[in-house]
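Engineer: Provided below for reference: sequence and predicted model.
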Amino acid sequence: MKKETLSKEAKRRVRRLQITSIISLAIVMMLIFRAKDFVTAVFSKSDSYEIRLEEESDTEGRQQIYRLYKNGERMRDIDYNRYAVTDEKGNQDVRYCVLMEEAKNLSYAILLGAMLIIAIVVAAASADGTPFTKKNAKRIRWIGVLQFGLAIIPGLVWFLMCFVRFEYVSIKLTLTPLYMFGIGIAIMILAQVFDHGVRLQEDVDSIA
């Protein structure tokens with residue numbers, strides 16, 4: 001009976017390890033692809049990018065869409081206002097705008113990847129016992145800090161790069177950073193709950 005229990009526990013550990021490995025690999029792949037896109041933009045030629053205004057039919061009629069092309073191949077639909085910035089001579093630099101977007105996306109991916117990795121560590125550390133430990137509370141607090149960074153840093157990277165290269169900086173305000181701040185506050189509250197859980201766990205252990 002004891003061997004059977006140990007065997008089941010071993011299988012659970014192997015399953016958790018497999019799931020953790022798959023998620024970790026997915027995070028690494030995400031970061032590699034983002035880094036690859038950034039490096040590609042760095043070494044691309046200025047004349048390899050082109051913005052085209054195209055029309056597309058949908059259920060509501062025809063709409064105009066700006067699309068980004070590289071060497072004649074379609075990349076993605078874009079917000080033209082983010083590519084319409086000019087330098088002091090009135091010139092656009094589509095390649096540099098692409099570089100700004102890729103730098104922003106890479107910083108976002110790095111922060112998100114770090115958050116997911118810490119979350120995996122918390123889950124792994126909680127699997128064989130109580131989740132209410134000082135280390136887990138600290139880890140969750142770090143997730144909250146990274147969430148605040150997620151609300152600020154990607155946009156700040158784009159802004160600073162735009163400020164260095166172009167004369168005018170166009171900023172489009174959205175509610176997304178506020179939502180991210182709200183999530184960050186919620187995570188910090190959760191960290192406080194974990195701190196309280198740690199104290200309760202220590203009281204239980206001292207009684208036992």
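Structural biologist: Everything's here; your move.

Engineer: Average pLDDT for the longest helix seen in the chain, rounded please.
Structural biologist: Taking DSSP state H as the criterion, the chain has its longest helix at helix 2-42. Helix 2-42 comes out with an average pLDDT of 78.

Engineer: can you give me the offset of that helix from its chain's centre?
Structural biologist: 17 Å (Cα atoms, centre = their mean, to the nearest Å).

Engineer: so what does that helix touch, helix or strand wise?
Structural biologist: With contacts taken as 3 or more Cβ pairs under 8 Å, 6 or more residues apart in numbering; DSSP states H and E, helix 2-42 sits against helix 94-126. The way it works is simple: take the backbone N, C-alpha and C, and place the C-beta from them, glycine included.

Engineer: After the helix it packs on, which helix or strand is next?
Structural biologist: helix 134-165 (DSSP states H and E).

Engineer: Output the contacting helices and strands for that next one.
Structural biologist: In this structure, helix 134-165 packs against helix 94-126, helix 176-207, with contacts taken as 3+ Cβ pairs under 8 Å, 6+ apart.

Engineer: pull the helix or strand with minimum mean pLDDT from this structure.
Structural biologist: Every helix and strand in the chain was compared by mean pLDDT, DSSP states H and E; the lowest is helix 2-42, with a mean of 78.

Engineer: That one versus helix 94-126: what angle between them?
Structural biologist: 170 degrees (axes from the mean of the first three to the mean of the last three Cα atoms, to 10 degrees).

Engineer: In a markdown table: the helices and strands packed on helix 134-165, plus mean pLDDT.
Structural biologist: As requested, the helices and strands packed on helix 134-165 are arranged in a markdown table below (pLDDT from 0 to 100):
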| stretch | mean pLDDT |
| --- | --- |
| helix 94-126 | 90 |
| helix 176-207 | 84 |
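
Engineer: Redo the ones you listed as CSV? Include mean neighbour count and distance to E50.
Structural biologist: Below are those laid out as CSV (neighbours: other Cβ atoms under 10 Å; distance: least, Cβ to Cβ, whole Å):
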stretch, mean neighbour count, distance to E50
helix 94-126, 18, 7
helix 176-207, 14, 28
